[in-house]
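Enquirer: here is a sequence together with a model predicted from it:
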Amino acid sequence: MANTVSLVLPARHSPAVGPAHIYLALSPSVFMLLIFFALPMGMMIGLSFTDPVSGLPSLASYQRFLTDGLSLPGILRTVSMSLCVAVCVTVLGYPVAYYLARARGRTRALVFALALAPELAGVVLRTYGWLIILEDRGFINDALLHLGLIASPLPLSKNMFAVVVGLTHVVLPFGILSLMTSIQGIDPNLERAAQVLGASRASVMRHVVLPLSLPGIISSLLIAFTMAASAYATPALLGGAGFKVIATMIAEQVLFYVNWPFAAVMANVLFLMMLGVSYLGIRFEARRRIRLSGRGGVTS
(Lines give C-alpha, C1' and ligand atoms only; values in the text may rest on other atoms or scores of the structure.)
Protein backbone atom coordinates (compact mmCIF):
# COMPACT_ATOMS: atom_id res chain seq x y z
CA MET A 1 0.00 0.00 0.00
CA ALA A 2 1.49 3.26 -1.12
CA ASN A 3 2.24 5.86 1.46
CA THR A 4 0.68 9.27 0.87
CA VAL A 5 1.68 12.53 2.36
CA SER A 6 -0.90 15.27 2.62
CA LEU A 7 0.12 18.87 3.03
CA VAL A 8 -2.36 21.01 4.81
CA LEU A 9 -1.86 24.73 4.33
CA PRO A 10 -3.47 27.28 6.60
CA ALA A 11 -6.48 28.90 5.07
CA ARG A 12 -5.89 32.41 3.85
CA HIS A 13 -8.64 34.64 5.08
CA SER A 14 -9.46 37.73 3.08
CA PRO A 15 -10.16 40.76 5.17
CA ALA A 16 -13.86 41.20 5.69
CA VAL A 17 -15.40 44.25 4.13
CA GLY A 18 -18.08 45.42 6.48
CA PRO A 19 -20.69 48.14 6.13
CA ALA A 20 -18.40 50.63 7.85
CA HIS A 21 -15.76 50.22 5.12
CA ILE A 22 -18.39 50.61 2.38
CA TYR A 23 -19.81 53.75 3.95
CA LEU A 24 -16.33 55.17 4.38
CA ALA A 25 -15.51 54.55 0.72
CA LEU A 26 -18.76 56.13 -0.45
CA SER A 27 -18.69 59.11 1.90
CA PRO A 28 -16.59 61.45 -0.32
CA SER A 29 -18.89 60.93 -3.31
CA VAL A 30 -22.01 61.24 -1.19
CA PHE A 31 -20.66 64.42 0.41
CA MET A 32 -19.94 65.95 -3.00
CA LEU A 33 -23.43 65.05 -4.26
CA LEU A 34 -25.05 66.52 -1.17
CA ILE A 35 -23.13 69.80 -1.33
CA PHE A 36 -23.12 70.42 -5.07
CA PHE A 37 -26.34 68.74 -6.20
CA ALA A 38 -28.85 67.94 -3.48
CA LEU A 39 -28.43 71.21 -1.57
CA PRO A 40 -28.75 73.50 -4.65
CA MET A 41 -31.71 71.46 -5.91
CA GLY A 42 -33.39 71.71 -2.52
CA MET A 43 -32.84 75.47 -2.43
CA MET A 44 -34.25 75.82 -5.94
CA ILE A 45 -37.32 73.76 -5.07
CA GLY A 46 -37.88 75.87 -1.96
CA LEU A 47 -37.42 79.07 -3.98
CA SER A 48 -40.11 78.00 -6.44
CA PHE A 49 -42.70 78.03 -3.63
CA THR A 50 -42.07 81.66 -2.65
CA ASP A 51 -43.79 84.81 -3.85
CA PRO A 52 -41.57 86.89 -6.20
CA VAL A 53 -42.49 90.14 -4.43
CA SER A 54 -43.06 89.38 -0.75
CA GLY A 55 -40.88 86.27 -0.45
CA LEU A 56 -43.64 84.50 1.49
CA PRO A 57 -44.69 80.90 0.71
CA SER A 58 -46.91 80.92 -2.35
CA LEU A 59 -48.00 78.85 -5.37
CA ALA A 60 -48.28 81.92 -7.57
CA SER A 61 -45.31 80.96 -9.76
CA TYR A 62 -46.73 77.50 -10.45
CA GLN A 63 -50.13 79.01 -11.22
CA ARG A 64 -48.50 81.42 -13.64
CA PHE A 65 -46.60 78.58 -15.30
CA LEU A 66 -49.85 76.78 -16.04
CA THR A 67 -51.87 79.80 -17.14
CA ASP A 68 -49.56 82.35 -18.82
CA GLY A 69 -49.88 80.77 -22.27
CA LEU A 70 -46.11 80.79 -22.87
CA SER A 71 -44.59 78.23 -20.51
CA LEU A 72 -46.55 75.17 -21.62
CA PRO A 73 -45.88 75.85 -25.33
CA GLY A 74 -42.23 76.30 -24.36
CA ILE A 75 -42.25 72.82 -22.78
CA LEU A 76 -43.86 71.31 -25.89
CA ARG A 77 -41.34 73.10 -28.12
CA THR A 78 -38.48 71.82 -25.95
CA VAL A 79 -39.78 68.25 -26.09
CA SER A 80 -40.28 68.28 -29.87
CA MET A 81 -36.85 69.84 -30.46
CA SER A 82 -35.15 67.32 -28.17
CA LEU A 83 -36.93 64.38 -29.80
CA CYS A 84 -35.83 65.54 -33.26
CA VAL A 85 -32.24 65.90 -32.08
CA ALA A 86 -32.29 62.49 -30.37
CA VAL A 87 -33.57 60.74 -33.51
CA CYS A 88 -31.13 62.59 -35.80
CA VAL A 89 -28.14 61.84 -33.56
CA THR A 90 -29.00 58.15 -33.31
CA VAL A 91 -29.75 57.68 -37.03
CA LEU A 92 -26.68 59.59 -38.19
CA GLY A 93 -24.38 58.15 -35.53
CA TYR A 94 -25.29 54.48 -35.97
CA PRO A 95 -23.42 53.85 -39.27
CA VAL A 96 -20.34 55.66 -37.96
CA ALA A 97 -20.49 53.75 -34.67
CA TYR A 98 -20.84 50.41 -36.48
CA TYR A 99 -17.85 51.18 -38.67
CA LEU A 100 -15.74 52.19 -35.67
CA ALA A 101 -16.78 49.04 -33.79
CA ARG A 102 -15.82 46.70 -36.62
CA ALA A 103 -13.01 48.43 -38.53
CA ARG A 104 -9.31 48.20 -37.82
CA GLY A 105 -6.22 50.12 -38.88
CA ARG A 106 -5.39 53.73 -39.65
CA THR A 107 -8.69 54.49 -41.37
CA ARG A 108 -10.57 53.69 -38.18
CA ALA A 109 -8.31 56.03 -36.21
CA LEU A 110 -8.93 58.79 -38.75
CA VAL A 111 -12.72 58.34 -38.66
CA PHE A 112 -12.64 58.21 -34.86
CA ALA A 113 -10.69 61.47 -34.73
CA LEU A 114 -13.10 63.14 -37.17
CA ALA A 115 -16.09 61.94 -35.13
CA LEU A 116 -14.70 63.52 -31.97
CA ALA A 117 -13.27 66.62 -33.68
CA PRO A 118 -16.35 68.81 -32.97
CA GLU A 119 -15.65 68.51 -29.25
CA LEU A 120 -12.32 70.30 -29.73
CA ALA A 121 -14.17 73.57 -30.37
CA GLY A 122 -16.52 75.32 -27.97
CA VAL A 123 -20.28 75.16 -28.33
CA VAL A 124 -20.55 78.88 -29.05
CA LEU A 125 -17.89 78.70 -31.76
CA ARG A 126 -19.62 75.78 -33.47
CA THR A 127 -22.97 77.53 -33.21
CA TYR A 128 -21.66 80.70 -34.84
CA GLY A 129 -20.22 78.52 -37.60
CA TRP A 130 -23.69 77.13 -38.34
CA LEU A 131 -25.13 80.66 -38.12
CA ILE A 132 -22.78 81.77 -40.89
CA ILE A 133 -23.78 78.76 -42.99
CA LEU A 134 -27.55 78.91 -42.47
CA GLU A 135 -28.42 82.61 -42.25
CA ASP A 136 -30.21 84.44 -45.07
CA ARG A 137 -26.94 85.69 -46.56
CA GLY A 138 -25.02 82.63 -45.47
CA PHE A 139 -23.04 80.11 -47.48
CA ILE A 140 -25.95 77.86 -48.52
CA ASN A 141 -28.33 80.65 -49.58
CA ASP A 142 -25.59 82.59 -51.37
CA ALA A 143 -24.56 79.47 -53.28
CA LEU A 144 -28.14 78.65 -54.28
CA LEU A 145 -28.83 82.25 -55.31
CA HIS A 146 -25.63 82.39 -57.33
CA LEU A 147 -26.56 79.18 -59.17
CA GLY A 148 -30.04 80.51 -59.86
CA LEU A 149 -31.77 77.65 -58.07
CA ILE A 150 -33.78 79.94 -55.78
CA ALA A 151 -35.16 83.45 -56.15
CA SER A 152 -35.07 84.42 -52.47
CA PRO A 153 -33.16 83.10 -49.43
CA LEU A 154 -34.51 79.97 -47.81
CA PRO A 155 -35.60 80.25 -44.15
CA LEU A 156 -32.79 78.09 -42.76
CA SER A 157 -32.07 80.06 -39.59
CA LYS A 158 -34.04 81.50 -36.67
CA ASN A 159 -36.27 78.42 -36.52
CA MET A 160 -36.53 74.82 -35.30
CA PHE A 161 -34.58 73.48 -38.29
CA ALA A 162 -31.49 75.53 -37.49
CA VAL A 163 -31.56 74.60 -33.81
CA VAL A 164 -31.92 70.88 -34.57
CA VAL A 165 -29.01 71.02 -37.03
CA GLY A 166 -26.77 72.85 -34.55
CA LEU A 167 -27.64 70.63 -31.59
CA THR A 168 -27.22 67.46 -33.67
CA HIS A 169 -23.69 68.60 -34.50
CA VAL A 170 -23.00 69.28 -30.82
CA VAL A 171 -24.42 66.01 -29.43
CA LEU A 172 -23.45 63.61 -32.25
CA PRO A 173 -20.05 62.56 -30.78
CA PHE A 174 -21.73 61.42 -27.55
CA GLY A 175 -24.26 59.37 -29.49
CA ILE A 176 -21.51 57.76 -31.55
CA LEU A 177 -19.55 56.74 -28.45
CA SER A 178 -22.64 55.28 -26.80
CA LEU A 179 -23.60 53.27 -29.88
CA MET A 180 -20.03 52.13 -30.56
CA THR A 181 -19.70 50.74 -27.03
CA SER A 182 -22.89 48.72 -27.44
CA ILE A 183 -21.99 47.37 -30.89
CA GLN A 184 -18.52 46.34 -29.71
CA GLY A 185 -20.22 44.04 -27.21
CA ILE A 186 -21.88 42.07 -30.04
CA ASP A 187 -19.91 38.99 -31.10
CA PRO A 188 -18.97 39.39 -34.81
CA ASN A 189 -19.31 35.60 -35.18
CA LEU A 190 -23.08 36.01 -34.87
CA GLU A 191 -23.09 38.13 -38.03
CA ARG A 192 -20.84 35.66 -39.87
CA ALA A 193 -23.04 32.75 -38.84
CA ALA A 194 -26.16 34.49 -40.13
CA GLN A 195 -24.47 35.21 -43.47
CA VAL A 196 -23.26 31.60 -43.75
CA LEU A 197 -26.86 30.48 -43.28
CA GLY A 198 -27.91 32.62 -46.24
CA ALA A 199 -29.00 35.91 -44.68
CA SER A 200 -28.28 39.05 -46.64
CA ARG A 201 -26.31 41.91 -45.17
CA ALA A 202 -29.49 43.95 -44.70
CA SER A 203 -31.18 41.02 -42.92
CA VAL A 204 -28.18 40.59 -40.63
CA MET A 205 -28.32 44.25 -39.65
CA ARG A 206 -32.08 44.17 -39.13
CA HIS A 207 -32.48 40.86 -37.28
CA VAL A 208 -29.12 40.47 -35.49
CA VAL A 209 -27.21 43.71 -35.02
CA LEU A 210 -30.06 46.15 -34.40
CA PRO A 211 -31.86 44.06 -31.73
CA LEU A 212 -28.63 43.33 -29.88
CA SER A 213 -27.54 46.98 -30.01
CA LEU A 214 -30.87 48.24 -28.63
CA PRO A 215 -29.31 49.22 -25.26
CA GLY A 216 -26.90 51.51 -27.10
CA ILE A 217 -29.74 52.97 -29.16
CA ILE A 218 -31.74 53.72 -26.02
CA SER A 219 -28.66 55.21 -24.36
CA SER A 220 -27.98 57.40 -27.40
CA LEU A 221 -31.59 58.62 -27.47
CA LEU A 222 -31.53 59.45 -23.75
CA ILE A 223 -28.19 61.24 -23.88
CA ALA A 224 -29.16 63.28 -26.94
CA PHE A 225 -32.60 64.14 -25.53
CA THR A 226 -31.33 65.34 -22.15
CA MET A 227 -28.43 67.31 -23.62
CA ALA A 228 -30.69 69.00 -26.17
CA ALA A 229 -33.41 69.78 -23.63
CA SER A 230 -30.95 71.55 -21.33
CA ALA A 231 -28.99 73.37 -24.07
CA TYR A 232 -29.00 77.16 -24.01
CA ALA A 233 -26.39 78.66 -26.35
CA THR A 234 -27.44 76.88 -29.53
CA PRO A 235 -31.21 77.59 -29.26
CA ALA A 236 -30.51 81.19 -28.25
CA LEU A 237 -28.19 81.88 -31.20
CA LEU A 238 -29.68 79.76 -33.98
CA GLY A 239 -33.31 80.01 -32.88
CA GLY A 240 -33.40 83.76 -32.44
CA ALA A 241 -35.63 85.77 -30.16
CA GLY A 242 -38.81 84.12 -31.42
CA PHE A 243 -37.75 80.56 -30.67
CA LYS A 244 -38.43 80.02 -26.97
CA VAL A 245 -37.42 76.83 -25.20
CA ILE A 246 -37.30 76.26 -21.46
CA ALA A 247 -33.55 76.92 -21.15
CA THR A 248 -33.78 80.30 -22.89
CA MET A 249 -36.91 81.21 -20.93
CA ILE A 250 -35.13 80.45 -17.64
CA ALA A 251 -32.22 82.69 -18.63
CA GLU A 252 -34.65 85.42 -19.63
CA GLN A 253 -36.42 85.32 -16.26
CA VAL A 254 -33.11 85.48 -14.37
CA LEU A 255 -31.25 88.06 -16.47
CA PHE A 256 -34.00 90.45 -17.62
CA TYR A 257 -36.94 90.09 -15.22
CA VAL A 258 -34.96 88.96 -12.12
CA ASN A 259 -37.84 86.63 -11.26
CA TRP A 260 -35.98 83.83 -9.52
CA PRO A 261 -39.03 81.92 -8.20
CA PHE A 262 -40.58 81.64 -11.67
CA ALA A 263 -37.22 80.62 -13.15
CA ALA A 264 -36.95 77.97 -10.42
CA VAL A 265 -40.39 76.62 -11.36
CA MET A 266 -39.34 76.20 -15.00
CA ALA A 267 -36.04 74.63 -13.96
CA ASN A 268 -37.90 72.14 -11.75
CA VAL A 269 -40.26 71.25 -14.58
CA LEU A 270 -37.35 70.76 -16.97
CA PHE A 271 -35.56 68.57 -14.43
CA LEU A 272 -38.65 66.44 -13.82
CA MET A 273 -39.20 66.09 -17.55
CA MET A 274 -35.67 64.77 -18.10
CA LEU A 275 -35.98 62.45 -15.10
CA GLY A 276 -39.25 61.09 -16.48
CA VAL A 277 -37.81 60.44 -19.94
CA SER A 278 -34.73 58.77 -18.45
CA TYR A 279 -36.89 56.60 -16.19
CA LEU A 280 -39.05 55.46 -19.12
CA GLY A 281 -35.97 54.55 -21.14
CA ILE A 282 -34.37 52.63 -18.28
CA ARG A 283 -37.60 50.80 -17.49
CA PHE A 284 -38.05 49.85 -21.13
CA GLU A 285 -34.56 48.38 -21.30
CA ALA A 286 -35.01 46.55 -17.98
CA ARG A 287 -38.27 44.97 -19.12
CA ARG A 288 -36.66 43.95 -22.41
CA ARG A 289 -33.85 42.20 -20.55
CA ILE A 290 -36.30 40.41 -18.27
CA ARG A 291 -38.36 39.30 -21.26
CA LEU A 292 -35.30 37.97 -23.09
CA SER A 293 -34.05 36.23 -19.95
CA GLY A 294 -37.42 34.55 -19.52
CA ARG A 295 -37.26 33.24 -23.08
CA GLY A 296 -33.63 32.19 -22.71
CA GLY A 297 -32.56 34.86 -25.18
CA VAL A 298 -29.21 36.56 -25.48
CA THR A 299 -28.85 40.02 -23.97
CA SER A 300 -26.06 42.38 -24.88
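Expert: Thanks, I have the structure now. Numbering: from 1, shown residues only.

Enquirer: count of residues packed around Leu156?
Expert: Using other C-beta atoms under 10 Å, Leu156 has 18 other residues around it. Every C-beta, even on glycine, is put in place using the N, C-alpha and C of the backbone.

Enquirer: for the stretch 51-200 of the chain, which segments count as helices?
Expert: 60-67, 71-102, 106-116, 123-134, 139-146, 160-184, 188-196 (DSSP state H, counting those that start in this stretch).

Enquirer: nearest to Phe225, out of those helices?
Expert: Nearest to Phe225 among those is helix 71-102; the distance by C-beta to C-beta comes to 4.3 Å.

Enquirer: could you pull out the buried residues of the closest one?
Expert: Within helix 71-102, the residues scored as buried using 16 or more other C-beta atoms under 10 Å are 71, 74-75, 77-79, 81-90, 93-94, 96-101.

Enquirer: quick check: chain neighbours aside, which residue is closest to the spatially most central residue of the chain?
Expert: The residue lying closest to the centre of the chain (C-alpha atoms, centre = their mean) is Ile223, at 1.5 Å. Excluding the flanking residues, the one nearest Ile223 by C-beta to C-beta, 6 or more residues apart in numbering is Phe174, at 5.2 Å.

Enquirer: touching, that neighbour and Phe225? I think so.
Expert: No. In this structure Phe174 lies outside contact range of Phe225 using C-beta atoms under 8 Å: 11.3 Å.

Enquirer: more neighbours: which of the two?
Expert: Phe225 (26 against 18).

Enquirer: the more buried one against Ser82, yeah?
Expert: Yes. Assessed by C-beta under 8 Å, Phe225 is found in contact with Ser82 at 4.6 Å.

Enquirer: burial count for Pro28?
Expert: Using other C-beta under 10 Å, Pro28 has 9 other residues around it.

Enquirer: now swap in Arg104 and tell me
Expert: Counted by other C-beta under 10 Å, the residues lying close to Arg104 total 7.

Enquirer: state the next helix or strand along the chain beyond the helix or strand bottoming out on mean pLDDT in the chain.
Expert: Among the helical and strand segments of the chain, the one scoring lowest on mean pLDDT, DSSP states H and E is helix 19-33, with a mean of 85. Using DSSP states H and E, the helix or strand that directly follows helix 19-33 along the chain is helix 39-48.

Enquirer: so what's the residue nearest to the centre of the chain up against?
Expert: If you count contacts by C-beta atoms under 8 Å, 6 or more residues apart in numbering, Ile223 has them with Val171, Phe174, Gly175, Ser178.

Enquirer: 10 Å instead, please
Expert: For Ile223, the contact set (C-beta atoms under 10 Å, 6 or more residues apart in numbering) comprises Ala86, Val89, Thr90, Val171, Phe174, Gly175, Leu177, Ser178, Ser278, Gly281.

Enquirer: quick check: the fifth one touching Val85?
Expert: No. Checked against C-beta atoms under 10 Å, the pair Phe174 and Val85 is beyond contact range at 11.2 Å.

Enquirer: overlap of the contact sets of the two?
Expert: Contacts common to Phe174 and Val85, judged by C-beta under 10 Å, 6+ apart, are Ala224, Met227.
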